[in-house]
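Chemist: Have a look at this fold, sequence not included:
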Ligand code: 5GP
């Protein structure tokens, strides 16, 4: 199968990666298709199975790990598994498209290692951690306990930023979107 390019967006939750990924998906010239991950976490309000994630019960998720169906998988938060199904990647490449990932830092680095030359890995940073924490509190999607877990993870993830091809600072969303678009366009066309 002819394989396309891979674009990875990682970075702390609240860094704006989902917004930037959505922006890039609208750009037809980039021929990007979003890699829908599998997760064992419960759907949030407004999320659809097969669109945002493939929502699986933990037992089913673990069965798929055993059957070697994942390209990578992580227990991103205690008790919540996330992973990229090999089937999903083959589906997108089968369409002749490039793949874009919104994935945690460890998972992103694993994929980069598997496909070093055809992957552009971008770490999205915000100017300071306080901003991210404020954004996460404001979006009001998590319990206090979950927020604490997310904040701890942010500190761990920032330490790995230098392992990415590019660190992109998001202190102005429009500028970050434009910069991301240029970087991806350049990578895909070369
Ligand atoms: P959320 O629960 O907020 O949707 O996602 C939590 C974290 O899991 C985010 O950092 C997201 O990028 C990451 N994530 C989503 N899908 C995958 C995946 O397939 N593999 C890995 N390793 N992380 C993922």
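Modeler: Great, that's in hand. The structure displayed is predicted, hence computed values, not measured ones.
Chemist: excluding its backbone neighbours, what's nearest the residue sitting nearest the centre point of the chain?
Modeler: Centroid-nearest residue in the chain, with CA atoms, centre = their mean: residue 102, separated by 1.5 Å. Spatial nearest neighbour of residue 102, chain neighbours left out: residue 21 (4.9 Å); criterion: CB to CB, 6 or more residues apart in numbering. (C-beta placed from N, C-alpha, C; glycine too.)
Chemist: helix, strand or coil for residue 112?
Modeler: helix (DSSP: H, G, I helix; E, B strand; the rest coil).
Chemist: Please identify the buried residues of the lowest-mean-pLDDT helix or strand in the chain?
Modeler: Among the helices and strands of the chain, helix 129-139 carries the lowest confidence by mean pLDDT, DSSP states H and E, at a mean of 80. Within helix 129-139, the residues that count as buried by 16 or more other CB atoms under 10 Å are 132, 133, 136.
Chemist: Please enumerate residues in contact with it?
Modeler: 12, 13, 14, 15, 126, 142, 147, 150, 151, 154, 155, 158 (CB atoms under 8 Å, 6 or more residues apart in numbering).
Chemist: All set, thanks.
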